[in-house]
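J.: here's my sequence, what's the structure:
(chains A, B and C)
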Amino acid sequence: MKTPATSTATATGADATAAGPAATRTGGSTKWGRLRKNRWLYALLTPGLVYFLIFKYVPMWGVLLAFQNFSPYHGFWKSEWVGFEHFRVFFTNPEFLMLLRNSLLLSFYNLIFFFPAPIILALLLNEVRVALFKRTIQTLVYVPHFISMVIVASLTYVFLTTEGGLVNELLDQYFGFKISFLTDPAWFRPIIILQTIWKECGFGTIIFLAALAGVDVEQYEAAVIDGANRWQQLWHITLPAIRSTIVILLILRMGDVLDNGFEQIYLMLNPLNREVAEVFDTYVYFMGITQGAFSYSTAVGLFKSVVGIILVLGANWTAKKFGQSGIY
Amino acid sequence: MRRYRTVSGTIFDLSNYLFLSLFALAAVLPFIYVFAGSFASDAELTKRAFFLIPEKFTTAAYAYIFSTNTIVRSIGVSIYVTTVGTLINLFFTVTMAYALSKRYLAGRNFVLNLVVFSMLFGGGMIPTYLVVRELRLLDTYWALMLPGAISAFNLIIVKNFFQELPAELEDAARIDGCSDPGLLWRIVLPLSMPVLATFTLFYAVGHWNNYYSALLYINEPSKWPLQVILRQIVMLSQMAAGDLNAMDPNFEKPPDQAIKLAVIVVGTLPILLVYPFLQKHFAKGVLLGSVKG
Amino acid sequence: MRKAKQWAVILTALLLAVSVLSACGGGKGNNAWGDSGSSGGTQADASGNQTGSTGTDAGTSEDRKEPEPEPPMEISIMLPIFKTNYPSDSSPVVQEINKRANVKLHLEWVPNSSYTDKFNITLASGKLPTIIYVPDVKNPNFVNAVKAGAFWEVGGKMRNYPYLSQANPVIMQNSSIEGKNYGVYRGRALGRNGINYRKDWLENVGLEPPKTIDDFYNMLKAFKEQDPDRNGKDDTYGMVLVKWTGQWASGFDIIKLWFGAPNKWGVVDGKLVPEHETPEYLEALRFMKKLYDEKLINQDFAVYDSAKWNDPVVNGQAGVIVDVTDNAARLDDAIHRALAEEGKDQPDVHFVDNMIGVVGDHGLRALPTSGFAGMLAIPKSSVKTEAELDRVLAFLDKMNEPEMQTLANFGLEGVHYTVEDGYAVRIDDTVKLESEVEGLNQMLPFIPEDQGLKVKQTPLRQKTAELQKEAEQYVVANPAEPFISTVYSQKGQQLDNIINDARIKYIVGQISEEELLKAFETWRRSGGDELVKEMNELYAAANG
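T.: As a prediction, this is how the structure comes out:
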């Protein structure tokens, strides 16, 4: 499931540019001296590192399942090795291009239309001065995140079906025609994006609001004294404050570009819009049913990971070129 | 606080308030339907596709839910796992993020690479399951809290945040003889409240909504968290009428629709209420005065 | 099982004694299985062959024949749970079962919505229970495990037990892997599919229950045009279909049989032919299109959620559902409930009726179910010796006794239900039922069938039971049902999509008949050819 939110780097007034170096510690000139000097930092590092090693790296051998015909009963050592067979089947699948196109386009639209939405909403909320109103709206818009996708799909049907759906009834009454929202391929992507905006926008504002909370109030006062109007304040103070947050979120998002959120698509998919709706995630699911396909889904996952890492590193490099801080 | 009294400013404000109100209304309407539906009868739910106020008010669904131990216990499990789990998350994430935020630390880049790589490449369900099994964590609550102790995504963001804190603060504290952990605890954390609040929320929501881990690692039904039960109910009512698995010769009918909605309400309200409590940490100007000049 | 060896010896001795005694008691009863690979082809009579073993005192437990009681066998069973409450091991009903079957049960409940995942994980973990429910016999993970020797082959052994030996040969065939059975199937009615319709509407429009396809068409038309619910509004249509076109919930798959189309695979000149390549299939499709064009079926069926399938009939929008006939009783109950809310109920009237099907040029043809809902398999890792296996099978066999079936279905008499007029009436306390009884019937194999107490048989339920039995003579089996195809496991999903998408698009008018036929060609090219070839090879091997 895609929850686009998370992240922040807040800026305090003075250090708006991300690259502010922390104090350097070069106390001991020998390597051991330095290590000893930073021993507490290493101590702090250890729990997390151990976690990653145990729960992420020890199971990493699972990636090799992509090169096997894994059968849970046989286990890893006794399952048959098939090399690149799964990849071959995957890439030569006549539907591969369609899946690629659908997955990419959906992510792309998501990026263009959905990604800015929480930012805009956060900025709008930021302009609200009545604290009670602001808090109320914040709480209300964050509710949809918790509503199960099944209900969302069900309500989408209720509103959009041609058989008595509210929207179509209104259209019919006032304009004399109906639109087959749910079966017409042209409407599939817009509906998915609208659903995502509705569901995740509110939750997504949290991270930006946190970033905005860190903006030094004195800056605004100074700006007002200098005669800045609201737009200028927005442009020169508010936006830079969340710029690094936006950048880091974008970079990390790149890793998910071929993930489209299985459940939502699965619920909205039907034989009439399959050619635009079917994406890798649903494809793998259906293959899994007939194949019991651990191996196959691992192979596809591997493909997605490779693409993801390339894009993440690429985005990071690009960000660095523009003077932003990036992941490292 | 910005002071201005322009006409365009006021128009903007009004439209803003209007827009936000409408958006909030659209956001919350379906939940009102779910809430209302949980107090309606099954027959009404079949008849009316969408409504905000039930014609006949009944608490039968809630009576059913709370009359048995199962759901109540699972709520307890969820609360426990969410609370303790989130604390674990925060501990692991914050310590590691702080350490990694120091660019001069030898080995930092290597570890960061490990983290980023693990974010995109993973072994998958079965190997992780085997690790959990080897650690003898199956059927324990730890299995719900440890395998997800750090989200690489969150880690990187928190680390970036720590990197942004002004260096002068650290220098000043060190001159006063503060050690690294002390620095973390006394200076950095208090300044990071919005970020901490944010990730507390994210991790908490993650735990609360997670059913998959319980599915894999917990066999003992008394340890099931609420989401497992919730999903079960929702899925049950999704089944096609002819599904053989469901239809024992004497099977009468799938669970009441109202029960489905009631479980959703019960499953959602607690976590919804967490946010308002954290909101005060999003107040402005937290860093006010901490850095002079 | 620590003292396994000693018990094995004693058991073997006892078994010898038992078999000698039962041999005297009745016939051999061995011919029930056509396991010489007879194809499922035309097996008109399903459970007809009762073997001699029923003549013996089948119902008695082994206790009578064993002079010394053995300790109860500990049996752990992994089963799906369909509710949110479940019976624990200490439930009084479970205790009673333990007592009567001389076992100690440990139930591992898994929410059914995630059963497959849990199943796979359990296979991978190597820690399997004594008996594990297998939802899909053709699941490649299960098949691989079977081929690796993970599970006991029980087909042969089942013949040694009074009830298990009555297993239906067709169903044994359907649930087999390469001709052998690796678990005890959970029997379900074979002839479950048919037509459910609103009787009151039919009367209101002055028609008789349909006999031919044309009658059926007229019924739908009348339902649409003649205001059958008499509410003065033009808001009704004929039949409701859903988007789920899976194995047994597709109205279309039932209807196509009326036109003479085969069930998935037909036999033409001794060879297997996919159903969509028969002219009768096309005719059926055209009929569906006609129904759609004339608005006799819901125009948004392609997106209609199967969870809501019954709603239009209950709400008075549609009048017909072509699906499992036991749905009629559920529909009827729902309609009564809805009316009761408005205070308008007529408790003695049945609003819904059902029938097996209507007739075209090919006689009465019904769509069978596979006859079973998963299997109970016995892993070798947890049941290590044949002696233990025998005990487990004895337990499963015992669970087919009518009293045990009643016990698992309804619970303890007087506590969970009362008997009225020979029928079971459950108590109202659903919570008590759910935490002590409900779900236990998941472990029942129902071989040969459910002979326990039943709920009060309303006329409709009685009719349904008779109908389902009668339908068994008319079922058209899928000759390829027991085959496991490699091509299908790789490309099956896609191939199915091609056909399914095409036929739905054709029905709603998105593509023309020409394009439909072109899609069938694409099917051939995308792997359909290979599939047909492979299936025919399997078919020839099985029937050669």
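J.: buried sites along stretch C:222-237?
T.: C:222, C:223, C:224, C:225, C:227, C:228, C:229, C:236, C:237 (16 or more other Cβ atoms under 10 Å in any protein chain shown). (Glycine included, C-beta is placed from N, CA and C.)
J.: show me what it is in contact with.
T.: Residues from elsewhere that reach stretch C:222-237, judged by Cβ atoms under 8 Å, 6 or more residues apart in numbering or on different chains: C:198, C:200-202, C:204-205, C:207, C:220, C:238, C:294-298, C:316-320.
J.: which of those residues fall within helices?
T.: Cross-referencing the contacts of stretch C:222-237 against helices under DSSP state H gives C:200, C:201, C:202, C:204, C:220.
J.: residues near the fourth one, how many?
T.: What it means is residue C:204. Applying other Cβ atoms under 10 Å in any protein chain shown, we find 17 residues neighbouring residue C:204.
J.: before we move on, back to that, highest neighbour count among the ones in helices among the contacts of stretch C:222-237?
T.: That'd be residue C:201 among the ones in helices among the contacts of stretch C:222-237, by other Cβ under 10 Å, with 26 neighbours.
J.: which stretch of helix or strand covers the residue lying closest to it once chain neighbours are set aside?
T.: Ranked by Cβ to Cβ, 6 or more residues apart in numbering or on different chains and with sequence neighbours excluded, the top spatial neighbour of residue C:201 is residue C:228, at 3.6 Å. Using DSSP states H and E, residue C:228 falls within no helix or strand.
J.: show me where chain C has strands.
T.: Secondary structure of chain C by DSSP state E: the strands cover C:73-81, C:103-111, C:131-134, C:184-187, C:193-198, C:237-239, C:265-268, C:271-274, C:318-324, C:352-355, C:372-377, C:417-420, C:423-426.
J.: closest one to residue B:160 among the ones you listed?
T.: strand C:103-111 (39.5 Å; Cβ to Cβ).
J.: tell me the phi and psi of the residue nearest to residue C:201?
T.: Residue C:228 adopts backbone torsions of phi -70, psi -20, taken as degrees, to the nearest 10.
J.: now it: how far from residue C:328?
T.: Taking Cβ to Cβ, to the nearest Å as the measure, residue C:228 falls 17 Å from residue C:328.
J.: if we can go back for a sec, return the member of the buried residues of stretch C:222-237 nearest to chain B.
T.: residue C:229 (13.6 Å; Cβ to the nearest Cβ).
J.: torsion angles phi and psi at the closest one?
T.: Backbone dihedrals for residue C:229, given as degrees, to the nearest 10, come out at phi -90, psi 10.
J.: okay, residue A:104: pLDDT?
T.: pLDDT, residue A:104: 93.
J.: so who does residue C:254 touch?
T.: C:193, C:194, C:195, C:322, C:323, C:357, C:366, C:367.
J.: re earlier: show the buried residues in the contacts of stretch C:222-237.
T.: C:198, C:200-202, C:204-205, C:207, C:220, C:238, C:296-298, C:316-320.
J.: which residues of the stretch 201-350 of chain C lie near chain B?
T.: For the stretch 201-350 of chain C, the contact set with chain B under Cβ under 8 Å from any Cβ of the partner chain comprises C:242, C:244, C:246, C:248-249, C:305-307, C:309-311, C:314-315, C:321, C:323-324, C:326-327, C:330, C:333-334, C:337-338, C:340-341.
J.: can you say which of these are buried?
T.: The buried subset of these - by 16+ other Cβ under 10 Å - is C:242, C:244, C:248-249, C:305-307, C:309-311, C:314-315, C:321, C:323-324, C:326-327, C:330, C:333-334, C:337-338, C:341.
J.: what does chain A put close to chain C?
T.: Counting by Cβ under 8 Å from any Cβ, chain A sits next to chain C at A:71-75, A:78, A:89, A:93-95, A:153-154, A:157, A:161-163, A:180, A:182-183, A:270-272, A:274, A:286-287, A:289-294.
J.: filter those down to the buried ones, ChimeraX style.
T.: With 16+ other Cβ under 10 Å as the criterion, this ChimeraX line picks the buried residues out of the residues of chain A next to chain C:
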select /A:71,72,73,74,75,89,93,153,154,157,161,162,163,180,182,183,270,271,272,274,286,287,290,291,292,293,294
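J.: circling back to that earlier point, for the contacts of residue C:254, give me TSV that also has pLDDT and distance to chain A.
T.: As requested, the contacts of residue C:254 are arranged in TSV below (pLDDT from 0 to 100; distance: Cβ to the nearest Cβ, whole Å):
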residue	pLDDT	distance to chain A
C:193	87	22
C:194	89	25
C:195	91	22
C:322	89	19
C:323	85	19
C:357	88	25
C:366	89	26
C:367	86	21
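J.: pick the one among those residues closest to residue B:73.
T.: Relative to residue B:73, and with distances defined as Cβ to Cβ, the nearest of the contacts of residue C:254 is residue C:323, at 37.0 Å.
J.: tell me how many other residues crowd residue 124.
T.: Defaulting to chain A. Based on other Cβ under 10 Å, the number of other residues close to residue A:124 is 18.
J.: think we crossed wires, I meant chain C
T.: Residues within reach of residue C:124, counting by other Cβ under 10 Å, total 24.
J.: could you report the pLDDT at the residue of the stretch 1-150 of chain B found nearest chain C?
T.: Closest to chain C within the stretch 1-150 of chain B is residue B:43: 4.3 Å, counting by Cβ to the nearest Cβ. For residue B:43, the model assigns a pLDDT of 79.
J.: contact partners for it?
T.: C:334, C:337, C:338, C:340, C:341.
J.: if I look at it, how far off is residue C:429?
T.: Distance, residue B:43 to residue C:429, using Cβ to Cβ: 22 Å.
J.: which helices and strands sit right next to the helix or strand of chain A with the lowest mean pLDDT?
T.: Using mean pLDDT, DSSP states H and E, the weakest-scoring helix or strand in chain A turns out to be helix A:280-291, at a mean of 78. Packing partners of helix A:280-291 (3 or more Cβ pairs under 8 Å, 6 or more residues apart in numbering or on different chains; DSSP states H and E): helix A:96-109, helix A:262-268, helix A:294-321, helix C:486-508.
J.: residues in contact with the closest residue to chain A within the stretch 251-400 of chain C?
T.: Chain A sits closest to residue C:303 of the stretch 251-400 of chain C, with a gap of 4.3 Å, by Cβ to the nearest Cβ. Listed by Cβ under 8 Å, 6+ apart, the contact set of residue C:303 reads A:157, A:161, A:182, A:183, A:270, A:272, C:243.
J.: what about the fourth one, is that helix, strand or coil?
T.: Under the three-state scheme (DSSP: H, G, I helix; E, B strand; the rest coil), residue A:183 adopts coil.
J.: thought it was touching residue A:273?
T.: Yes - the pair residue A:183 / residue A:273 is scored as a contact, 6.3 Å apart, by Cβ atoms under 8 Å.
J.: hang on, the earlier thing: now tabulate the ones in helices among the contacts of stretch C:222-237 in JSON lines and tack on pLDDT and distance to residue C:477.
T.: As requested, the ones in helices among the contacts of stretch C:222-237 are exported to JSON lines (pLDDT from 0 to 100; distance: Cβ to Cβ, whole Å):
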{"residue": "C:200", "pLDDT": "90", "distance to residue C:477": "35"}
{"residue": "C:201", "pLDDT": "91", "distance to residue C:477": "33"}
{"residue": "C:202", "pLDDT": "91", "distance to residue C:477": "31"}
{"residue": "C:204", "pLDDT": "90", "distance to residue C:477": "38"}
{"residue": "C:220", "pLDDT": "93", "distance to residue C:477": "28"}
